[in-house]
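> Model the following, please.
(one chain, ligands or ions: 1)
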Amino acid sequence: MSKTMSSRVKSPITQFRNCRILYQHAIIREDLWVRDGKILNPEWLFFIEKGHADFQVDCKDCIISPGFIDTQINGAFGVDFSSNPESLAKGLATVSKKLLAHGVTSYCPTVITSSPSMYKKILPQIKRTCGSRTGAGILGIHLEGPFISKEKNGAHPVELIKDCTNLNSFEQIEDVYHSLDNVSIVTLAPESCQISKVISKLSNKGVVVSLGHTVANLTMAEDAVRHGATYITHLFNAMLPFHHRDPGLVGLLTSDEIPTDTTVFYGMIADGIHTNPAALRIAYRAHPNGIVLVTDAIAAMGFPRGTHYLGSVSVDVTDNGAYVTGTQVLSGSIATMDSCIRHFKHATGCTTVEALEAATLHPAQLLTIQHLKGTLDYGTEADFVLLDDDLNVKQTFIAGEKVWDNERENNKGN
Ligand code: ZN
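Numbering: from 1, shown residues only. Here you go, the predicted structure:
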């Protein structure tokens with residue numbers, strides 16, 4: 001960073017130059033201007049304020065993308081958000097810090113099906129935070145379960161799954177979670193609840209309702225969307241497979257039985273393991289504006305190859321994934337967000353803009369925070385990532401401040 005002439009305004013202005021920026025669905029050769037942690041409109045700066053840069057940053061011809069947003073991550077770097085409430089604060093700090101290396105500037109810690117007593121211990125600890133020098137921001141919790149299908153439980157403990165079809169008040173659902181204050185997304189199976197009561201109430205409270213771990217058919221899923229559901233949790237995984245006479249949740253991507261002004265978003269684990277590239281292409285080509293890349297990562301993400309212990313389970317981390325030791329049973333995703341973006345681009349042949357928007361604009365739209373994050377629009381928060389042309393993360397910035405630098409990390413190792 002070099003000092004140049006100072007401007008008339010008090011807060012310093014930083015000009016990021018020699019870069020290409022993702023702006024309004026295109027990558028354009030343009031400088032990025034930042035003040036007070038926000039992206040500035042350069043026209044206003046030049047012509048109205050007559051301001052100038054106080055600092056300049058040479059971006060060495062990198063692409064500048066908004067920071068990545070992961071709406072489903074169960075843990076990473078040895079931390080599991082659904083267990084060990086005693087060390088959760090430390091664990092969150094570790095994950096927030098280390099995600100910066102992967103371009104993630106904000107995320108939704110995801111808590112899988114747990115007991116009411118565990119929710120009571122865990123959920124109050126996961127508060128929304130702004131990102132900072134110490135790590136990525138937290139955009140609220142993603143609660144996956146316990147109102148899901150026992151037939152599609154995946155890694156969720158069956159004995160803790162609940163059916164709320166017979167509950168006669170929404171308050172009884174709140175009793176299970178103890179509090180929804182820190183919650184942004186709830187994944188539920190529509191057949192396990194009264195759609196008109198539960199989904200409407202949750203979405204009216206500003207909680208994103210996501211459909212997943214379910215055996216719902218398309219008709220039921222459409223009913224859930226008409227009552228406020230806007231997201232599908234890890235499309236294809238833990239739901240009925242696509243059938244031409246009843247395409248299940250996958251049918252929501254092309255349904256004409258839902259309001260035309262509703263965008264249904266869908267999470268995809270684009271790690272090359274959980275979803276076949278052909279299935280990824282089918283979903284993406286059918287509904288490109290709804291795709292949201294997620295890692296769905298577990299605590300083993302970030303571990304080197306070898307055998308590790310997750311709680312009492314022994315896991316072998318290989319180049320291809322994490323498996324229960326000695327078996328071919330996948331124990332969860334160990335994908336990083338930047339690798340998912342690269343894989344998604346490679347597998348679908350989409351443009352760089354489309355690949356990046358699936359991890360920035362779309363998750364921000366899902367959470368209705370696109371006026372704050374997920375774009376480089378003027379006035380939004382200056383959380384962004386410098387990438388090379390192969391979409392490798394070079395530097396990460398939060399509120400305009402550099403919080404991670406690939407070069408510095410590499411030098412540390414020498
Ligand atoms: Zn799941």
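> does A279 belong to a helix or a strand, and which?
helix 277-286 (DSSP states H and E).
> go on, T219?
Here T219 is assigned to helix 218-226, by DSSP H and E.
> residue boundaries of the strands in the stretch 1-150 of the chain?
Applying DSSP state E, counting those that start in this stretch to the stretch 1-150 of the chain gives strands spanning 2-3, 13-23, 26-29, 32-35, 38-39, 55-66, 68-73, 75-76, 79-80, 104-112, 137-138, 141-144.
> right, so of those, which gets closest to T230?
strand 68-73 (11.7 Å; CB to CB). The way it works is simple: take the backbone N, C-alpha and C, and place the C-beta from them, glycine included.
> Would you mind getting the angle between that closest one and strand 104-112?
10 degrees (axes from the mean of the first three to the mean of the last three CA atoms, to 10 degrees).
> just checking, what packs against strand 68-73?
If you count contacts as 3 or more CB pairs under 8 Å, 6 or more residues apart in numbering; DSSP states H and E, strand 68-73 packs onto strand 104-112, strand 141-144, strand 291-294, helix 337-348, helix 361-366.
> So for the following helix or strand past the last one, mean pLDDT?
Read it as helix 361-366. Using DSSP H and E, the helix or strand that follows helix 361-366 in sequence is strand 384-387. Taken as a whole, strand 384-387 carries a mean pLDDT of 98.
> what lines up beside strand 384-387 in the sheet?
Paired with strand 384-387 in the same sheet, following DSSP bridges, are strand 55-66 (antiparallel), strand 393-398 (antiparallel).
> S87: which of those is closest?
Per CB to CB, nearest to S87 of the strands paired with strand 384-387: strand 393-398, 24.4 Å.
> Does anything pack onto whichever helix or strand comes after that closest one? Which helices or strands?
Per DSSP H and E, strand 393-398 leads on to strand 401-405 as the next helix or strand towards the C-terminus. Judged by 3+ CB pairs under 8 Å, 6+ apart, the packing partners of strand 401-405 are strand 393-398.
> where in the protein is pLDDT low?
1-10, 167-168, 311-312, 413-414 (pLDDT under 70).
> Spatially central residue in the chain, please.
D70 (1.6 Å; CA atoms, centre = their mean).
> Which strand residues bridge that residue?
Bridge pairing for D70 - DSSP bridges - gives Y107.
> circling back: can the strands paired with strand 384-387 go into a markdown table with extra columns for mean neighbour count and distance to A286?
Below are those laid out as a markdown table (neighbours: other CB atoms under 10 Å; distance: least, CB to CB, whole Å):
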| stretch | mean neighbour count | distance to A286 |
| --- | --- | --- |
| strand 55-66 | 19 | 25 |
| strand 393-398 | 23 | 30 |
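> For K38, find the nearest of those strands.
strand 393-398 (12.1 Å).
> now the angle between strand 13-23 and the closest one, please.
120 degrees.
> What separation is there between the closest residue in space to Q24 that isn't next to it in sequence and P363?
Closest residue to Q24 apart from its sequence neighbours, by CB to CB, 6 or more residues apart in numbering: D377 at 7.7 Å. D377 is 15 Å from P363, where distance means CB to CB, to the nearest Å.
> Between these two, which is the more surrounded one?
P363 (30 against 15; other CB atoms under 10 Å).
> What's the local residue count around the closest residue to the more buried one other than its chain neighbours?
With CB to CB, 6+ apart as the criterion, P363 has its nearest non-adjacent residue at 4.0 Å, and that residue is I69. Close neighbours of I69, defined as other CB under 10 Å, add up to 29.
> is it true that I69 touches Q370?
No. If you go by CB atoms under 8 Å, I69 and Q370 don't touch, sitting 10.4 Å apart.
> what touches both of these two?
Residues touching both I69 and Q370 by CB atoms under 8 Å, 6 or more residues apart in numbering: A364.
> pretty sure H156 is in a strand, no?
No. Under the criterion used here (DSSP: H, G, I helix; E, B strand; the rest coil), H156 is coil, not part of a strand.
> Now do the contacts for it.
Counting by CB under 8 Å, 6+ apart, H156 has contacts I112, T113, E144, G145, P146, I148, H213.
> Over to T327?
Going by CB under 8 Å, 6+ apart, the list of residues near T327 is empty.
> And it, how close does it get to V315?
10 Å.
> check contacts around the closest residue to L391 other than its chain neighbours.
Using CB to CB, 6+ apart and skipping residues adjacent in sequence, the residue nearest L391 is R342, 5.1 Å away. R342 is in contact with A355, D390, L391, N392, counting by CB under 8 Å, 6+ apart.
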